[in-house]
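Trainee: A predicted structure for the sequence below; I have some questions about it.
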Amino acid sequence: MAELPTDAEIRSKMESLIKTVDLNTMSTKQFIAALSGKFGGVDLSSRKKFIKGSITEILDDMANDEDDDGDSSSSSDEEEAPAKKKKGGGLAAIKEISPKLSAFLGCGKEAARTDVV
């Protein structure tokens, strides 16, 4: 039976493997199986927690690297983000209220739900 690779060895192989697979369609179990193949079929199921955490860290690092490389594109993304927000939905939606409630609250004929509660 082959020995388990060290955390550093696992992480190194993960970094190269992540760049070649589609994580949108690949499950964690499938990723671990592919990673195991890189080590000659060693059972890595006991290192699942470490592998999951490392996947998150590697993806975060990759996202940070992309943000650092494309400063001009990230600023335009930030400008577009507020345009995607919905306005006036949910609890903040301004709704018409009854005349009695309006008199009780001392406000106009419209108020947000959060103003009433």
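Mentor: Great, that's in hand.
Trainee: buried sites along the biggest helix by length in the chain?
Mentor: Looking across the chain with DSSP state H, the single longest helix is helix 48-69. Residues 51, 54-55, 58 are the ones in helix 48-69 that count as buried (16 or more other C-beta atoms under 10 Å). C-beta here means a position set from N, CA and C on the backbone, and glycine is covered the same way.
Trainee: could you dump these to JSON lines with distance to Ala103 and pLDDT?
Mentor: Formatted as JSON lines, these follow (distance: C-beta to C-beta, whole Å; pLDDT from 0 to 100):
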{"residue": "Ile51", "distance to Ala103": "63", "pLDDT": "91"}
{"residue": "Ser54", "distance to Ala103": "62", "pLDDT": "91"}
{"residue": "Ile55", "distance to Ala103": "59", "pLDDT": "90"}
{"residue": "Ile58", "distance to Ala103": "61", "pLDDT": "89"}
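Trainee: redo the residues you listed as JSON lines? Include distance to Glu66.
Mentor: Formatted as JSON lines, those follow (distance: C-beta to C-beta, whole Å):
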{"residue": "Ile51", "distance to Glu66": "22"}
{"residue": "Ser54", "distance to Glu66": "19"}
{"residue": "Ile55", "distance to Glu66": "17"}
{"residue": "Ile58", "distance to Glu66": "13"}
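Trainee: figure out the helix or strand that Ser16 lives in.
Mentor: helix 7-18 (DSSP states H and E).
Trainee: report the mean per-residue pLDDT for the next helix-or-strand element following that helix.
Mentor: Later in the chain than helix 7-18, the nearest helix or strand by DSSP H and E is helix 28-38. The average pLDDT for helix 28-38 rounds to 91.
Trainee: distance from helix 28-38 to the middle of the chain?
Mentor: 22 Å (C-alpha atoms, centre = their mean, to the nearest Å).
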